[in-house]
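**Q** Output the structure for:
(one chain, ligands or ions: 2)
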Amino acid sequence: MKTRFICNSCDYEQAKWLGRCPSCGQYNTFEEVAVKKPDNRGVKGSTLIEAAAKPVGAQLLQDVSVSGEIGDRLVTGISELDRVLGGGIVGGSLILLGGDPGIGKSTLLLQICKNAAMAGDSSILYISGEEGAAQIKMRAERLAVKAKNCYLLAETDLYAIRDAANSIKPRLLLIDSIQTMRHTDLTSLPGSVSQVRECAAFFTHLAKQHNMAVILVGHVTKEGSLAGPRVLEHMVDTVLYFEGESSGAYRLIRAAKNRFGSTNEVGVFEMTEHGLSPIDDPSAYMLAGRPEGVAGSVVTCSMEGSRSLLAEVQALVSATSFGTPRRTATGVDYNRMVMLMAVLEKRAGYKLQNFDAYVNIAGGLKITEPAADAGMIAALASCYKDKPLAPGVMVIGEVGLAGEMRAVNQPERRVIEASRHGFTACVLPQANKTKLRVPEGFKVYGAAHIGELLGVLL
Ligand code: TYD
Ligand code: MG
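**A** Ligands and ions are numbered 1, 2, ... in the order given. Presented below is the predicted three-dimensional model:
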């Protein structure tokens, strides 16, 4: 295969690598890409009109059949993973599993082997470019993987992997990891953007050819993107990310993209000595060890896909000892936190300019939903005033720049989740209060402005 070098920033193309692009003047922007011969099938020797008259390979939408192997999903048997995938792995699909090193990606792959291969006669091919077969076997023994139809191959060369896949014809191909795979036609190093992109394209082709599902493991770099500036995300059908600290015991898997199910669905796991074990009641897990009667701790409820999850927002506000006050956000968006502090200052009269502020979501959850705004405001105000909230109160609501409390979606499900976990009251936006059906004995307070919210709470 011939290769060319293309500048990442201006698309200037040329035959050899250069340190500086002569067109745009940027440094280190050239990437090697493989060029294939132009494919003229279909229009060769015929006029354009003739070609247009023959819809090559196109068929009517109503005639397309989804029965057979694509239609039925391969159920992994790991409840939380199946939930995130939308009911199992779709045949012929490509899944990208991303996460920090040491978070449990290889462990999850082996557990998929254990459950999926035991469930039926479908064979699985596990390719490891990082560990030897003996190392994987040792781990498999620890995880009690006894599947008979699981093949192992420690290999990084794409053509060798293709040959193995052609002879075994597995239902599921596991690649651990895409950054170690090597396309021998390219001279660049494994893990570089061009290698990662070409290898993924190769596996896409292989997947469609044999109608097998492929899971690609991808390491996340320090900047938080999958190596190869997220080039893979648009090439695959499903993107799953591992969240959580590799030092902690909990792990979250979130679908950032899913062509065959809903996104933002989370699966919650605990890392034990027997691998990852699903947690059935994540709200209880997130709230475990919560200090009661402490200022700065507020419980809120976030919708993660189809699931409502209770989470504790913690805030610490303390007088700053330097010129510029510090603000730190863990589990929530930093800019959102700074904005809410400004709203608190301007619309509720809290003088926070000489205070350091820290906000944290306990349990390692990352909340992107604005419904946690009111929880954050309440936690900051509670810590500032050193007044704890009454026990058993949950707070939800989006906060706007004018300090108004805006409605959130699915308030009823959040209230039910709170009630199920022993909460007895909830403060939510006034707009949500009307028409809300609440469990018996559960009190609901509506607030139209953060002034009212803080008035009710503190
Ligand atoms: P691993 O799955 O190899 O991570 P990755 O492939 O994402 O880099 O290992 C994750 C960590 O989990 C590792 O530090 C060891 C730990 N672990 C357990 O705690 N219990 C187990 O049963 C296994 C297999 C691993
Ligand atoms: Mg690994």
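**Q** who in the stretch 151-300 of the chain is up against ligand 1?
**A** Applying C-beta under 6 Å from any ligand atom, we find that the stretch 151-300 of the chain lies next to ligand 1 at M271, E273, H274, G275. C-betas here are computed from N, CA, C, even on glycine.
**Q** What is the most widely separated pair among the residues you listed?
**A** Spatial extent of these (C-beta to C-beta) is set by the pair M271 and H274 at 9.6 Å.
**Q** Neighbour count for the two, which is higher?
**A** Neighbour totals were compared for M271 and H274, and M271 leads with 17 against 11 (other C-beta atoms under 10 Å).
**Q** That one sits in which helix or strand?
**A** strand 266-272 (DSSP states H and E).
**Q** Output the helix or strand just after that strand as CSV - backbone C-alpha positions only.
**A** Toward the C-terminus, strand 266-272 is succeeded by strand 275-278 as the next helix or strand (DSSP H and E). In CSV, the C-alpha atoms belonging to strand 275-278 read as follows (Å, rounded to 0.1, in the frame of the first residue of the first chain):
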residue,chain,number,x,y,z
GLY,A,275,-13.2,-9.1,39.0
LEU,A,276,-15.9,-6.5,38.3
SER,A,277,-19.2,-7.2,40.0
PRO,A,278,-22.3,-5.2,39.1
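**Q** Just the angle for the lengthiest strand in the chain relative to strand 266-272, thanks.
**A** The residue-count maximum for a strand in the chain (DSSP state E) belongs to strand 307-319. Counting by axes from the mean of the first three to the mean of the last three C-alpha atoms, to 10 degrees, strand 307-319 points 70 degrees away from the direction of strand 266-272.
**Q** Now do the contacts for the closest residue to D157 other than its chain neighbours.
**A** Spatially, and ignoring its direct neighbours in sequence, D157 is nearest to R182 (5.8 Å; C-beta to C-beta, 6 or more residues apart in numbering). Neighbour list for R182: T156, D157, L158, P190, Q195, C199 [criterion: C-beta atoms under 8 Å, 6 or more residues apart in numbering].
**Q** just to revisit the earlier point, using PDB, write out the CA atom coordinates for the strand holding M271.
**A** The C-alpha coordinates for strand 266-272 follow below in PDB (Å, rounded to 0.1, in the frame of the first residue of the first chain):
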ATOM      1  CA  VAL A 266     -24.400   4.100  33.100                       C
ATOM      2  CA  GLY A 267     -23.400   0.700  34.500                       C
ATOM      3  CA  VAL A 268     -22.000   0.700  38.000                       C
ATOM      4  CA  PHE A 269     -19.400  -1.900  39.100                       C
ATOM      5  CA  GLU A 270     -17.300  -2.700  42.000                       C
ATOM      6  CA  MET A 271     -13.800  -4.100  41.600                       C
ATOM      7  CA  THR A 272     -13.400  -7.100  43.800                       C
END
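**Q** name the helices or strands packed onto it?
**A** On a contact count with 3 or more C-beta pairs under 8 Å, 6 or more residues apart in numbering; DSSP states H and E, strand 266-272 meets helix 79-85, strand 250-258, strand 275-278, helix 282-287.
**Q** In the stretch 151-300 of the chain, what residue comes closest to ligand 1?
**A** Minimum separation of the stretch 151-300 of the chain from ligand 1 (C-beta to the nearest ligand atom) falls at G275, amounting to 4.1 Å.
**Q** Give me the pLDDT value at that residue.
**A** On pLDDT, G275 comes in at 88.
**Q** Roughly how far does it sit from D281?
**A** Plainly put, G275 is 20 Å away from D281 if you go by C-beta to C-beta, to the nearest Å.
**Q** More neighbours: which of those two?
**A** Applying other C-beta under 10 Å to G275 and D281 shows that G275 carries more neighbours, namely 20 against 10.
**Q** quick one on the thing from earlier: the strand holding M271: partners in the sheet, and parallel or antiparallel?
**A** Applying DSSP bridges, strand 266-272 is found paired with strand 250-258 (antiparallel), strand 275-278 (antiparallel).
**Q** Any chance you could list what contacts that strand?
**A** For strand 266-272, the surrounding residues in contact (C-beta under 8 Å, 6+ apart) are 80-81, 83-84, 104, 107, 249-254, 276-279, 282, 285, 304-305, 307, 309.
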